[in-house]
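Colleague: Could you look at this predicted model? Sequence included:
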Amino acid sequence: MSERTGLCIENLSIAFDQGRKVAVDGVSLSVPAGEAMGLVGESGSGKSLTSRAALGLLPKNAEAGGRILLDGQNVLEMTAAQLQRVRGAGIAMVFQDPMSSLNPVVRVGQSITQVIRSHENISEADAEKRAVALMERVGIRDAPARAGSFPHEFSGGMRQRIMIAMALAAKPRVLVADEPTTALDVIVQKNILDLLDQLRREEGMGLLLVSHDLAVVASLCSRIAVMYAGQIVEEGPTTDILNRPRMPYTAGLLASTRRDKSLKRLTAIPGSPPPLGARPESCRFAARCPLVTAACRAGAVNLMEVGPGQAARCIRTADVPGLSANFGRQGAHV
Amino acid sequence: MSEPILRVEGISKTYAPRGLFKGAGLRPALASASFELSKGEILGVVGESGSGKTTLARCVALLERPDAGRIVFKGEELTALSEGVLRKRRRGIQTVFQDPYASLNPRQKIGDVLGEVMLVHGLATREALRDRVAALLDQVGLPATAADAYPKAFSGGQRQRICIARALAAQPDILIADEPVSSLDVSVQAQVINLILDLRDRLGLSVIFIGHDLQLIDFIAPRVLVMLNGEIVETIPADGSIADARHEYTRALMQAVPKLETITG
Amino acid sequence: MALTQSRSTPAWRAGGNWSLRIGLAGFALILLAAIFAPFVTAFDPTAISLTNALQAPSWGHLMGTDHLGRDVFTRVVFAARVDLQIGAIGVALPLIIGTVVGLFAGYYGGWVDAVIGRVVDVVIAFPFLVLVIAIVAMLGPGLINLYIALTVVSWVLYTRIIRAETIALKKREYVLAARNLGFGHLRIMFRHILPNAIAPALVFAMSDFALDVQVGATLSFFGLGAQPPTAEWGLMIAESRSMMLAAPWVVVGPGAAIVVVSLVVSLIGDGLADLVRGLDE
């Protein structure tokens, strides 16, 4: 893929401990301008590291391989000064916890103004006007007055709106939202998701939405990538993935969200994800998979094309549809 | 229906404010909550943060003393007991908390966690302890070897199983599950919920299952209480459905949750 | 189901905790020298030999001799017995008392905490050394009274640490679970809170140990601690200070001993802090 605009991650690997612990393993995905890409995974799947790497925000002891192209430029090779310029105007991020991301002793209007002025040479007064306009844009009522408030004077949902306003301040071409609604109540979550969707459409931004919640991601994104134990295990158009998952992990996740009262039990995936130091070379889901065969444990499994724009990391993709019955009651007695 | 195992009558709780402006704008965390629980019943409680659902859990377990109201457990009014007598009754109502990482003493081996409960209450002799611990671990789907490990050797889902085993060690009548899967990996949540459902069937436990996911609670519990701002605003009866919910808040909750069905069609 | 095993090697070995290793090795060496002092040196620490007075260091007298002809090295080694004892008792008593008081204050809160808190504030308000000297001066010179003074003055530091930890821990779910299970207050305090609260106090105890050794030496220097002819580092410096310019070795030996012990114990403290962080990861 050679998209010039937007974000394009190519074969990204992130390792710790001199390469002994590979947290992210050969991840490729692209977020074209104006499109919404969803990245789904559990804690430890590597989804957050991947999204942070896109902003050059990796822990000091991490080693990254591959390329992260932002409008054709590799983020991983940028100097600190280049990164500074690209963060904000090229790509911006919204985090899970707005309270710890906002400076508690700075008025929110001032926080937004600072971002604007660090990227543009405009007067304080003009930047303040823009900040108020941004707050209105993200749905904060009475913005001129609220700009003088401190972060603790806002509710969680309103703080997340302010974080989004800050992220938008330098007009980024790609917005990364890492679990933006996980700390919020469902009704507030709905409002924030609607806001992100609206902004993406109206600003023509690329949106990378990272979440553990398949339903949250599916409600907003046209494409989804599913990560498991450091790898993308399935990727494709949202409707195809939901209707016809081709990787048993995705199928299991979908099955576990089913609330069929006639079954009396939820459909569980047995076991738990392998920890960082104990991931097999072969299929990493093999230990939990109802379709596992000896061949699954024989060697590494590659992402394979399984349909138009859909790929799955599984050698038994043909058997996955109709799998759900096999994710039966085993979960209770592992 | 027989005499309920638990009767909660109008319990309220207001936390004393801290800081300079005492008494300004006090809103009760829990306002006059009443409900009954039968033997073997699963009662669902759904609400968002600040709805008072955790305060309700703590008050029913008498971890907080309600300011007003009565809690009657197996015919005995717990709210009228002194701290000393209450301590002997506590094991009848057990809680599984939200965060399995903070729920286990990091310096205690799992065998000691479970064994301590039985020894303190005289539910097992020292000689029989190892077998009893192994049986408890088996009941929650963990190997007997888990007894010799410290909590840090276990994943979140495994820890929550251990917490359930610890509650079972006290041989309770009621299990309060306060958001027991909210901190767990998505692929592990269903296992833990199924385990709680199995235990209810096998042991005849009564369960109060608290959460924020209305659809999940509706699946687990026939009868559901909906909480908002410290009050129970709606009770969905066992023969009813959340689809028929009357309160506008319940309906708003239902509409706000992203649903996969609407996307898959 | 397989357990998700975390690293089985202890954190201090895997991480190469050199502070702790060097500190413990050094401390063990000093402790062994103190215990087996008569085998470490051929001389008697109190035997006076005026003909040998103020000899410079040599192979016969590694650190020279003092104004009474006593072997300085021998006295430094024997003094370790006294000074390590000052450190150990000066830490142990306040640690035990302060920890128990801090547990009660933090666990019960309310008026218990308020009363203890005021007492702690009053003791902390006094300058540390001045208060120790005042108490020993009042009770009379000697090691026993030094221990009493150190205890009176420093238990409050442990109380503060343990109280703060206890307040944080009692809101933890495992403490709530212990109450929910009907465990008694003492069981909850000593079995469930204390093992998780003690680590910072132990780390602090190491720097306190070094401080106590120095305070002990200081008080002996002023004539309020160990009494002649006992070999004690501070006392040795006090006795020899008039000869300091003519025969510097008489103060270099005990002075270096104080520095080395302080250093070794600080290393242990640093290492312990790392170890505790590693355990809680």
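Modeller: Structure received.
Colleague: can you tell if stretch B:87-104 touches chain C?
Modeller: Yes - judged by C-beta under 8 Å from any C-beta of the partner chain, stretch B:87-104 and chain C are in contact via B:87-91, B:93-95, B:97-99, B:102-104. For every residue, glycine as well, the C-beta is placed using N, CA and C.
Colleague: which of those residues are buried?
Modeller: B:87, B:90-91, B:93-95, B:97-99, B:102-104 (16 or more other C-beta atoms under 10 Å in any protein chain shown).
Colleague: Identify those among these that sit within strands.
Modeller: Taking DSSP state E, the ones among those that sit in strands are B:93-95.
Colleague: Same list, these, but as TSV with distance to residue A:124 please.
Modeller: Formatted as TSV, these follow (distance: C-beta to C-beta, whole Å):
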residue	distance to residue A:124
B:93	60
B:94	59
B:95	54
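Colleague: tell me which parts of the stretch 101-250 of chain A are close to chain B?
Modeller: By C-beta under 8 Å from any C-beta, the part of the stretch 101-250 of chain A that sits against chain B consists of A:185-187, A:189-190, A:193, A:212-216, A:218-219, A:238-239, A:242-243, A:249.
Colleague: Please pick the buried ones from the residues you listed.
Modeller: A:185-186, A:189-190, A:193, A:212-216, A:218-219, A:238, A:242, A:249.
Colleague: can you give me phi and psi for residue A:139?
Modeller: When read as degrees, to the nearest 10, the backbone of residue A:139 gives phi 90, psi 30.
Colleague: Now do the residue lying closest to residue A:215 once chain neighbours are set aside, the pLDDT please.
Modeller: Once flanking residues are discounted, residue A:215 sits nearest to residue B:258: 4.1 Å by C-beta to C-beta, 6 or more residues apart in numbering or on different chains. In this model, residue B:258 is scored at 83, pLDDT.
Colleague: count of neighbours near residue B:258?
Modeller: Residues near residue B:258, counting by other C-beta atoms under 10 Å in any protein chain shown, number 19.
Colleague: What parts of the stretch 51-200 of chain B come near chain A?
Modeller: B:141, B:155-158, B:185-191, B:193-195, B:197-198.
Colleague: Out of the residues of stretch B:87-104 next to chain C, which sit inside helices?
Modeller: B:87-89 (DSSP state H).
Colleague: could you point out where the stretch 1-150 of chain B is predicted with low confidence?
Modeller: B:1-2, B:17-25 (pLDDT under 70).
Colleague: sorry, back to before: now distance to residue C:259 too, for the residues of stretch B:87-104 next to chain C, in JSON lines please.
Modeller: Formatted as JSON lines, the residues of stretch B:87-104 next to chain C follow (distance: C-beta to C-beta, whole Å):
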{"residue": "B:87", "distance to residue C:259": "54"}
{"residue": "B:88", "distance to residue C:259": "58"}
{"residue": "B:89", "distance to residue C:259": "60"}
{"residue": "B:90", "distance to residue C:259": "55"}
{"residue": "B:91", "distance to residue C:259": "57"}
{"residue": "B:93", "distance to residue C:259": "60"}
{"residue": "B:94", "distance to residue C:259": "56"}
{"residue": "B:95", "distance to residue C:259": "54"}
{"residue": "B:97", "distance to residue C:259": "50"}
{"residue": "B:98", "distance to residue C:259": "51"}
{"residue": "B:99", "distance to residue C:259": "47"}
{"residue": "B:102", "distance to residue C:259": "43"}
{"residue": "B:103", "distance to residue C:259": "47"}
{"residue": "B:104", "distance to residue C:259": "44"}
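Colleague: Which two among those residues are spaced furthest apart?
Modeller: B:88 and B:99 (27.8 Å; C-beta to C-beta).
Colleague: List the contacts of residue A:245.
Modeller: Counting by C-beta atoms under 8 Å, 6 or more residues apart in numbering or on different chains, residue A:245 makes contact with A:234, A:251, A:254, A:312, A:320-321.
Colleague: On the pLDDT front, check residue C:56 for me.
Modeller: Residue C:56 is given a pLDDT of 87.
Colleague: what residues does stretch A:120-139 touch?
Modeller: So stretch A:120-139 is contacted by A:108-109, A:112-113, A:116-117, A:143-144, A:146-147, A:161-162, A:164-165, A:168-170, A:191, A:195, A:199 (C-beta under 8 Å, 6+ apart).
Colleague: should've said stretch B:116-124
Modeller: By C-beta under 8 Å, 6+ apart, the list of residues contacting stretch B:116-124 reads B:91, B:108, B:115, B:126, B:129, B:132, B:166, B:169-171, C:181-183, C:187, C:191.
Colleague: buried sites along that stretch?
Modeller: B:116-118, B:120-121, B:124.
Colleague: Can you tell me which of these end up in strands?
Modeller: Using DSSP E, no member of the buried residues of stretch B:116-124 falls within strands.
Colleague: Contacts only, for the nearest residue to residue A:188 once chain neighbours are set aside.
Modeller: Closest residue to residue A:188 apart from its sequence neighbours, by C-beta to C-beta, 6+ apart: residue A:157 at 3.6 Å. Contact partners of residue A:157, counting by C-beta under 8 Å, 6+ apart, are A:184-185, A:188, A:191-192.
Colleague: Just the buried residues of those.
Modeller: A:184-185, A:188, A:191-192.
Colleague: Throw those residues into TSV and include secondary structure, thanks.
Modeller: Output for those, formatted as TSV (DSSP: H, G, I helix; E, B strand; the rest coil):
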residue	secondary structure
A:184	coil
A:185	coil
A:188	helix
A:191	helix
A:192	helix
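Colleague: Closest one to residue B:221 out of these, please.
Modeller: Taking C-beta to C-beta as the measure, residue B:221 lies nearest residue A:185 of the buried ones among the contacts of residue A:157, at 20.0 Å.
Colleague: how close does the nearest residue to that closest one once chain neighbours are set aside sit to chain C?
Modeller: Leaving aside its chain neighbours, residue A:185 sits nearest to residue B:48 (3.8 Å; criterion: C-beta to C-beta, 6+ apart). Residue B:48 sits at a distance of 21 Å from chain C (criterion: C-beta to the nearest C-beta, to the nearest Å).
Colleague: Share the number of residues neighbouring residue B:48, please.
Modeller: Neighbours of residue B:48 under the rule other C-beta under 10 Å: 19.
Colleague: ok, now which ones touch it?
Modeller: By C-beta under 8 Å, 6+ apart, the neighbours of residue B:48 are A:185-187, B:212, B:228, B:253.
Colleague: Can you give me the pLDDT of residue A:243?
Modeller: Taking residue A:243 on its own, its pLDDT is 89.
Colleague: distance of it from residue A:88?
Modeller: Between residue A:243 and residue A:88 the distance is 38 Å, computed by C-beta to C-beta, to the nearest Å.
Colleague: Same check on residue C:59?
Modeller: From residue C:59 over to residue A:88 (counting by C-beta to C-beta), the distance is 72 Å.
Colleague: Just want to know which of the two has more residues nearby.
Modeller: Ranked by neighbour count (other C-beta under 10 Å), residue C:59 and residue A:88 place residue A:88 first, with 22 against 5.
Colleague: now the more buried one: how far from chain B?
Modeller: 29 Å.
Colleague: Counting neighbours, what do you get for the spatially closest residue to that residue that is not a sequence neighbour?
Modeller: Nearest non-adjacent residue to residue A:88, counting by C-beta to C-beta, 6+ apart: residue A:170, 3.6 Å away. Counted with other C-beta under 10 Å, residues neighbouring residue A:170 total 20.
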